[in-house]
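Visitor: this one's sequence-less:
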C-alpha cells in the first residue's frame with residue numbers, strides 16, 4: 001500500500017495551499033484530483049474562467065470607452081462565443097502549468113482519480129480505466145469543492161438550459177438570457193452578458209440580490225442594471241421551465257407571469273461534492289447541502305485525523321479564504337504554529353460593475369447599536385475618474401463616532417476589488433479616519449476616493465478639544 005503523511009482530496013485553492021504547506025514541513029504529500037487537470041473548480045469552471053470571460057467581454061465590447069464614444073462603440077463587431085473562449089483557453093492552460101510547477105517544486109505528488117474512504121486512514125482511488133488502488137495517510141484534508149445544484153424539474157440540456165459549470169461551454173452567444181439566481185454567480189454572469197448587449201432577465205426568489213452586501217451599494221447596482229435594460233424579477237419562484245418551439249424556453253413564475261428567452265442559466269446554489277467520499281466510515285455526516293461541519297479555528301472535522309477546507313465547508317466560499325483555511329489546517333494537522341489571519345477579509349464580486357466590501361455594513365452597525373457616521377465619494381469626483389470616463393462608481397465608508405476608527409468600506413465601480421485593499425490594511429490595523437484625511441495619495445488615481453469619503457465623514461464628526 002502507498003503510504004503518505006497527508007493526502008489532500010481536491011486541488012483547488014484550499015487543497016493546493018494545504019498540500020504545499022505540509023510539504024514545507026517535509027511531509028510526504030499526495031493530492032488526489034478527480035479531473036484530468038489540477039486546479040479544481042476555481043481554475044476550470046469557477047473563479048478564473050468567469051473572471052477571464054468578464055475581462056474578454058469588457059475588452060471586445062469596448063465597454064470602458066463608451067462614455068466617450070457612445071453606447072454603440074465596439075472594439076469588435078459581431079462578437080462570438082469563440083472570441084470569448086480563445087483567451088479563456090490560454091489563461092486556463094497557463095494556470096494549470098503554474099500549479100503543476102508549484103506541486104513539482106515542493107515535491108507534492110499528484111494523482112488523477114476518484115477517492116473514496118474505506119477506513120479513517122485509507123482511500124480507494126478509482127482511475128479512468130476502472131482500476132482501483134489503495135492509499136493511506138496519517139492525516140486527510142478534504143477540499144473537494146462543490147457541484148451546481150440541479151433540480152430535477154429543470155430540463156438541463158447543455159444547449160439551451162445550463163448550470164453554472166456548463167455556461168462556459170456555450171457554442172454561440174444567446175439572443176437573450178434569463179439567469180435564475182441572484183447570488184454572486186448569477187449576478188456576475190448576468191452583468192457580463194449584459195455588457196455584450198444581450199437582453200437579460202434576472203430572477204431571484206428573495207426580495208433583493210446579494211443580500212449580504214450593504215443596501216446602498218445594492219441600490220446603486222440595481223439602478224445601473226435597470227439603466228442598462230436588465231429586467232429583474234425579485235421575490236419570484238419558478239413554477240415551471242419549458243422548452244418551446246423555435247429553440248426557445250419559457251419560464252412560468254409563481255405570480256403567473258411568463259418569461260420567454262433564448263437561453264437559461266440556472267445559478268441558484270451549489271452543493272458540496274461529498275457524495276462519493278463514503279464519509280460514513282469516518283463517522284461524518286454532511287448537511288443537506290453536502291457541506292461538512294468543522295472547527296472554525298482549525299478546520300478539523302469531528303474525526304480528529306480529517307480536516308475540510310474551501311467551498312465544501314460553506315460560507316464564505318472564497319478562493320482567498322480557502323487558501324488560508326488550507327494553510328491553517330495543514331499547520332494544525334502536524335502541530336505547527338499557524339498564525340491566525342487578520343479579523344477582516346474582503347469580498348470581491350466580479351460583476352459589471354465590480355463590487356468589493358470589507359468590515360461592517362451600515363445595517364450591521366445599526367443592529368449592533370454602534371454610533372457611526374457615513375462618508376461617501378463618487379468616482380466622478382476624482383480627476384482619474386474623468387480621464388477614464390467614469391460616470392458611475394462610489395465608495396461608502398463606515399466610521400465609529402466613539403473611536404473615529406474605520407468600521408467598514410464598501411465600493412462599487414471600476415477597480416473596486418483592487419481599491420478595497422487600502423481599506424483592508426487600515427481596518428485590520430485599527431486605523432482612524434485621520435489616516436485618510438492626512439495621507440498623500442498618488443494623483444490622479446481612483447484611490448483618492450478614500451480621502452474624499454474620509455473628508456465627508458470628518459466634516460460631520462465632533463471635533464476633539
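Guide: Structure received. These numbers come from a predicted model, not from an experiment. Numbering: from 1, shown residues only.

Visitor: In the stretch 351-465 of the chain, where is pLDDT below threshold?
Guide: Applying pLDDT under 70 to the stretch 351-465 of the chain picks out residues 464-465.

Visitor: Sorry, wrong one. I was asking about the chain.
Guide: In the chain, residues with pLDDT under 70: 1, 464-465.

Visitor: Only the buried residues of the helix ranked longest in it, if you could.
Guide: Longest helix of the chain, by residue count under DSSP state H: helix 81-105. Residues 84-85, 87-88, 91-92, 95-96, 99, 102-103 are the ones in helix 81-105 that count as buried (16 or more other C-beta atoms under 10 Å). In short, each C-beta sits where N, CA and C put it, glycine included.

Visitor: helices or strands up against the helix or strand where residue 124 lies?
Guide: Secondary structure from DSSP states H and E places residue 124 in strand 122-126. Here strand 122-126 touches strand 114-119, strand 132-142, going by 3 or more C-beta pairs under 8 Å, 6 or more residues apart in numbering; DSSP states H and E.

Visitor: Can you tell me which of these is most buried?
Guide: strand 132-142 (a mean of 21; mean count of other C-beta atoms under 10 Å).

Visitor: tell me the helices in the protein, going along the chain?
Guide: Under DSSP H, the chain gives helices at 13-24, 40-44, 47-61, 66-69, 81-105, 184-195, 215-227, 319-333, 362-367, 383-388, 416-428, 434-438, 448-458.

Visitor: so which of these comes closest to residue 407?
Guide: helix 362-367 (6.0 Å; C-beta to C-beta).

Visitor: and that closest one, how far from the chain's centre?
Guide: 24 Å (C-alpha atoms, centre = their mean, to the nearest Å).

Visitor: Just the buried residues of it, please?
Guide: Buried residues in helix 362-367 (16+ other C-beta under 10 Å): 362, 364-365.

Visitor: buried sites along stretch 231-241?
Guide: Buried, per 16+ other C-beta under 10 Å, within stretch 231-241: 232-233, 236, 238, 241.

Visitor: Count the neighbours of residue 129 for me.
Guide: Number of residues near residue 129 (other C-beta atoms under 10 Å) recorded here: 6.

Visitor: Name the surrounding residues that touch stretch 218-235.
Guide: Residues from elsewhere that reach stretch 218-235, judged by C-beta atoms under 8 Å, 6 or more residues apart in numbering: 182, 187, 190-191, 194, 199-210, 253, 257, 259, 351, 353, 355, 392, 394, 412.

Visitor: Buried ones among the residues you listed?
Guide: The neighbour-count test (16+ other C-beta under 10 Å) marks 182, 187, 190-191, 194, 199-204, 209-210, 253, 259, 351, 353, 355, 392, 394, 412 as buried among the contacts of stretch 218-235.

Visitor: contacting residues for the residue most central in space within the chain?
Guide: Note on the chain: the residue nearest the mean C-alpha position is residue 318, at 5.2 Å, using C-alpha atoms, centre = their mean. By C-beta under 8 Å, 6+ apart, residue 318 lies in contact with 345, 347-348.

Visitor: just those now: which is nearest residue 56?
Guide: Taking C-beta to C-beta as the measure, residue 348 is the one of the contacts of residue 318 closest to residue 56, at 18.2 Å.

Visitor: Quick check: bridge partners of the closest one?
Guide: residue 356 (DSSP bridges).

Visitor: For the contacts of residue 318, give me JSON lines that also has distance to residue 33 and neighbour count.
Guide: Below are those laid out as JSON lines (distance: C-beta to C-beta, whole Å; neighbours: other C-beta atoms under 10 Å):
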{"residue": "345", "distance to residue 33": "26", "neighbour count": "16"}
{"residue": "347", "distance to residue 33": "27", "neighbour count": "19"}
{"residue": "348", "distance to residue 33": "25", "neighbour count": "21"}
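
Visitor: circling back: the strand holding residue 124 pairs with which strands?
Guide: Next to strand 122-126 in the sheet, as set by DSSP bridges, lie strand 114-119 (antiparallel), strand 132-142 (antiparallel).

Visitor: returning to that earlier point: distance of the residue nearest to the centre of the chain from residue 453?
Guide: From residue 318 over to residue 453 the distance is 25 Å, taken as C-beta to C-beta, to the nearest Å.

Visitor: what's near enough to touch residue 411?
Guide: So residue 411 contacts 217, 354-357, 393-396, 419-420, 449 (C-beta under 8 Å, 6+ apart).

Visitor: And the residues you listed, which is closest to residue 297?
Guide: Proximity to residue 297 was ranked across these by C-beta to C-beta; first place goes to residue 357, at 23.8 Å.

Visitor: That closest one and residue 346 touch, don't they?
Guide: Yes. If you go by C-beta atoms under 8 Å, residue 357 and residue 346 touch, sitting 6.9 Å apart.

Visitor: more neighbours, the two?
Guide: Neighbour totals were compared for residue 357 and residue 346, and residue 357 leads with 24 against 21 (other C-beta under 10 Å).

Visitor: can you pull the contacts of that one?
Guide: Here residue 357 is in contact with 213-214, 217, 346-347, 408-411, 420 (criterion: C-beta under 8 Å, 6+ apart).

Visitor: ok, of those residues, which one's closest to residue 112?
Guide: Nearest to residue 112, judged by C-beta to C-beta, of the contacts of residue 357 is residue 347 at 32.4 Å.

Visitor: Make sure residue 134 is actually in contact with residue 123.
Guide: Yes. At 7.2 Å, residue 134 counts as touching residue 123 under the criterion of C-beta under 8 Å.

Visitor: Which residues in stretch 442-458 does the neighbour count mark as buried?
Guide: 446-454, 456-458.

Visitor: before we move on, what about stretch 397-414?
Guide: Buried, per 16+ other C-beta under 10 Å, within stretch 397-414: 397-400, 404-414.

Visitor: so how many other residues sit close to the residue nearest to residue 73 when sequence neighbours are not counted?
Guide: Nearest non-adjacent residue to residue 73, counting by C-beta to C-beta, 6 or more residues apart in numbering: residue 62, 4.7 Å away. Counted with other C-beta under 10 Å, the neighbours of residue 62 add up to 18.

Visitor: Now do the phi/psi pair for residue 62.
Guide: Phi and psi for residue 62, reported as degrees, to the nearest 10, are phi 70, psi 30.

Visitor: could you list every residue that touches it?
Guide: Residue 62 neighbours (C-beta under 8 Å, 6+ apart): 69, 73-75.

Visitor: quick one: residue 83 and residue 57 touch, right?
Guide: No. Residue 83 lies out of contact with residue 57 (C-beta under 8 Å); the separation is 9.3 Å.

Visitor: and the spatially closest residue to residue 182 that is not a sequence neighbour, what is it in contact with?
Guide: Spatially, and ignoring its direct neighbours in sequence, residue 182 is nearest to residue 204 (3.1 Å; C-beta to C-beta, 6+ apart). Residues counted as contacts of residue 204 (C-beta under 8 Å, 6+ apart) are 181-182, 186, 232-236.
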